[in-house]
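K.L.:
Kindly return the folded structure for what I paste below:
(2 chains)
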Amino acid sequence: MNDPLLRVSQLVTHRRGPFDLAIDAGECVSLRGPSGSGKSLLLRAIADLDPHQGEVWLDGMACAQIPAPQWRRQVALLPVESQWWLDDVGAHFPAGDCPWLTRLGFSGATLSWQVSRLSSGEKQRLALARALMNRPRVLLLDEPTASLDETSATALETVVAEYRLENNAAALWVSHSAAQAARVATRHYQLTPQGVQEGEL
Amino acid sequence: MITLSVFDLSLAALLVLILAALSWHMRLGLERSLLVATLRMVVQLSLIGLVLKTVFATTGLLWVSLMAMVMLLAAGREVMARQQRRLKGWWGYGLGTGAMFISSFAVTVLALFTMIGNQPWYEPQYAIPLLGMMLGNTMSGIALALDRLTQTAWQQRAVIEQRLMLGQTRTEAIDEIRRESMRSGMMHIINAMAAAGIVSLPGMMTGQILAGAPPMEAVKYQILIMFLIAAGTGFGVTTALWLASKRLFDERHRLRLDVLSAPRP
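P.N.:
Purely as a prediction, here's the structure:
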């Protein structure tokens, strides 16, 4: 049995936890739990955005051993609401050409669009494309389809699955919908006051 | 030089009194704060006149340093008071004061030693007014820049964190905010230099001319002062912004807005 790609052990953040979980390379795991149970906080702590106790391991390397910016490029967090700080979309893609744009329903011309004219759904899909440009090994997805219609949601689910398989990457998918969790993930975590528990949907 | 008598000053004060009466008559509600500020100005300036008279008479390094320290600490307090969200603990006071100490003191001492070159170098007639002008200007610059930095970082925390999520370093993530803050801290001295002589006659130069100095001498002094103020403000603002923006993050490049205090009501 190989080591998991991502392992979280005894993680305590904002007085929640301790949380333990493990995800293998190429695997997608769902994470569900009532609002306010700390799903987003758990993802933030795994991305090392908040001070926390406990440790997170990527491929046997502890988070504390890797410089934080490098860690966040490998363990990418896609927040519920993405932020854009420059005027046009392309400026947020310094590497230029982005192979995921067409698969997400965009074209090369999208890069010249103004950020101020994007819908929330467009922002969400472009945020995924932007995050994938770092070639992350783990994706932390915080309700990624909350603002999407059915077609766009399916496109996003497909791109995440393809990326995962092509790059042997892992994904932790926070979702409120049991149907979506069943569709995208092979294992399912539930966030409870006692910690993270694996179980059926 | 023509000395002013108490009568001359009373005549000018009468103008302010008339203005206050007018404000009261027209119910503008300005008379109270106008009179309080006028009274404060007269008392404070008279006191500082007495202090300067004593300090000038001693020309001891100890007294000049003491006076300089009081001025620095007062300026530091002023910088802190102008922050909406200041750094908690000693940082709130120490950061602005430290930055002013480095920039204003260093530039003033340098100017006294090398450019003005009077004997002794700390002669209060030169040292105190020079330091006062430096502190006054770096103070506004640092206060504006720090306020801009902490306010914008607070408002744009989601953007900063998004940039961190994408793997940017703390320096990259706050880069634009720091540049904006630098601009707002330096704008006033840059504008003052651009407008000097055309729109406005700088106060110090006017004072020297009124005191009977030849205009070209006054101009040379003013140019020197402008150079010193620009450099001092620039170094001070840079230092303050560098330290403050470092303080906003921890060693794991996390945005730590918990180092800021809540805004005053």
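
K.L.:
Contact residues of chain B facing chain A?
P.N.:
B:156, B:158-159, B:161-169, B:176, B:250, B:252-256 (C-beta under 8 Å from any C-beta of the partner chain). Where you see a C-beta, it was placed from the backbone N, CA and C, and this is true even at glycine.

K.L.:
right, and the helix or strand after the helix ranked longest in chain A?
P.N.:
Counting by DSSP state H, the longest helix found in chain A is helix A:150-167. Remark: after helix A:150-167, the chain's next helix or strand is strand A:170-174, criterion DSSP states H and E.

K.L.:
Quick one: check that following strand for contact with chain B.
P.N.:
No - Strand A:170-174 lies out of reach of chain B by C-beta under 8 Å from any C-beta, never closer than 14.4 Å.

K.L.:
Show me how chain B divides into domains.
P.N.:
Under automatic domain parsing, the residue ranges defining each domain of chain B are B:1-58, B:60-259.

K.L.:
so how far does the last one reach from one end to the other?
P.N.:
End-to-end distance of domain B:60-259 (C-alpha to C-alpha, to the nearest Å): 42 Å.

K.L.:
Report the rounded mean pLDDT for it.
P.N.:
For domain B:60-259, the mean pLDDT works out to 93.

K.L.:
What ranges in chain A fall below the confidence cut-off?
P.N.:
Filtered on pLDDT under 70, chain A yields the residue ranges A:1-2.

K.L.:
Let me see the ranges of the strands in it.
P.N.:
Assigned by DSSP state E, chain A shows strands spanning A:6-13, A:16-23, A:28-32, A:53-58, A:61-62, A:75-78, A:138-142, A:170-174, A:187-192, A:195-198.

K.L.:
and B:Ala111, how many neighbours does it have?
P.N.:
By the criterion of other C-beta atoms under 10 Å in any protein chain shown, B:Ala111 has 23 neighbours.

K.L.:
Centroid-wise, who is the farthest residue in chain B?
P.N.:
Taking C-alpha atoms, centre = their mean as the measure, the residue most remote from the mean C-alpha position of chain B is B:Leu166, 38.4 Å away.

K.L.:
Help me confirm that that residue comes into contact with A:Leu132.
P.N.:
No - checked against C-beta atoms under 8 Å, the pair B:Leu166 and A:Leu132 is beyond contact range at 10.9 Å.

K.L.:
Which neighbours do these two have in common?
P.N.:
A:Ala76 (C-beta atoms under 8 Å, 6 or more residues apart in numbering or on different chains).

K.L.:
So what's the residue count around residue 114?
P.N.:
The chain I'm using is chain A. Neighbourhood size, A:Gln114 [other C-beta under 10 Å]: 10.

K.L.:
nope, chain B please
P.N.:
By other C-beta under 10 Å, 9 other residues sit near B:Thr114.

K.L.:
That one and chain A, how far apart?
P.N.:
44 Å (C-beta to the nearest C-beta, to the nearest Å).

K.L.:
unless I'm mixing things up, A:Ala76 is touching A:Leu139, no?
P.N.:
Yes - under the criterion of C-beta under 8 Å, A:Ala76 makes contact with A:Leu139 at 5.6 Å.

K.L.:
which residues do these two both contact?
P.N.:
A:Ala131.

K.L.:
Extract the CA atoms of stretch A:11-25 and return them as CSV.
P.N.:
C-alpha atoms of stretch A:11-25 as CSV (Å, rounded to 0.1, in the frame of the first residue of the first chain):
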residue,chain,number,x,y,z
LEU,A,11,-5.3,19.5,12.4
VAL,A,12,-6.8,22.0,14.7
THR,A,13,-7.9,25.4,13.3
HIS,A,14,-10.0,28.2,14.8
ARG,A,15,-10.8,25.9,17.8
ARG,A,16,-12.2,23.2,15.4
GLY,A,17,-10.9,19.7,15.0
PRO,A,18,-8.7,17.7,15.4
PHE,A,19,-9.2,16.6,11.8
ASP,A,20,-7.6,13.6,10.2
LEU,A,21,-8.0,12.6,6.5
ALA,A,22,-6.0,11.1,3.7
ILE,A,23,-6.4,11.2,-0.1
ASP,A,24,-4.6,9.0,-2.6
ALA,A,25,-3.1,10.3,-5.9
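
K.L.:
Name the nearest residue to B:Ser103, sequence neighbours excluded.
P.N.:
Leaving aside its chain neighbours, B:Ser103 sits nearest to B:Gly236 (3.3 Å; criterion: C-beta to C-beta, 6 or more residues apart in numbering or on different chains).

K.L.:
host element of the one you found?
P.N.:
helix B:215-247.

K.L.:
Tell me the buried residues in that helix?
P.N.:
By neighbour count with 16 or more other C-beta atoms under 10 Å in any protein chain shown, helix B:215-247 contains the buried residues B:218-219, B:221-222, B:225-226, B:228-241, B:243-245, B:247.

K.L.:
just stretch A:133-147 next, same as before
P.N.:
Residues of stretch A:133-147 classed as buried: A:133-134, A:136-147 (neighbour count, 16+ other C-beta under 10 Å).

K.L.:
contacting residues for B:Gly141?
P.N.:
B:185-186, B:188-189, B:233, B:236-237.

K.L.:
buried sites along the helix or strand hosting it?
P.N.:
Using DSSP H and E, B:Gly141 maps to helix B:124-155. Going by neighbour count (16+ other C-beta under 10 Å), the buried part of helix B:124-155 is B:124, B:126-128, B:130-135, B:137-153.

K.L.:
who touches residue 54 in this structure?
P.N.:
No chain was given, so I picked chain A. A:8-12, A:17-19.

K.L.:
Hmm, no, I was thinking of chain B.
P.N.:
By C-beta under 8 Å, 6+ apart, B:Thr54 lies in contact with B:Trp63.

K.L.:
Next one: it, what pLDDT does it get?
P.N.:
Reported pLDDT for B:Thr54: 88.

K.L.:
tilt between whichever strand or helix holds it and helix B:124-155?
P.N.:
Assigning secondary structure by DSSP H and E places B:Thr54 in helix B:31-58. Interaxial angle, helix B:31-58 versus helix B:124-155 (axes from the mean of the first three to the mean of the last three C-alpha atoms, to 10 degrees): 130 degrees.

K.L.:
Helix B:31-58: how far from the chain's middle?
P.N.:
Relative to the chain's own centre, helix B:31-58 is displaced by 18 Å; criterion: C-alpha atoms, centre = their mean, to the nearest Å.

K.L.:
Alright, that wraps it up for me.
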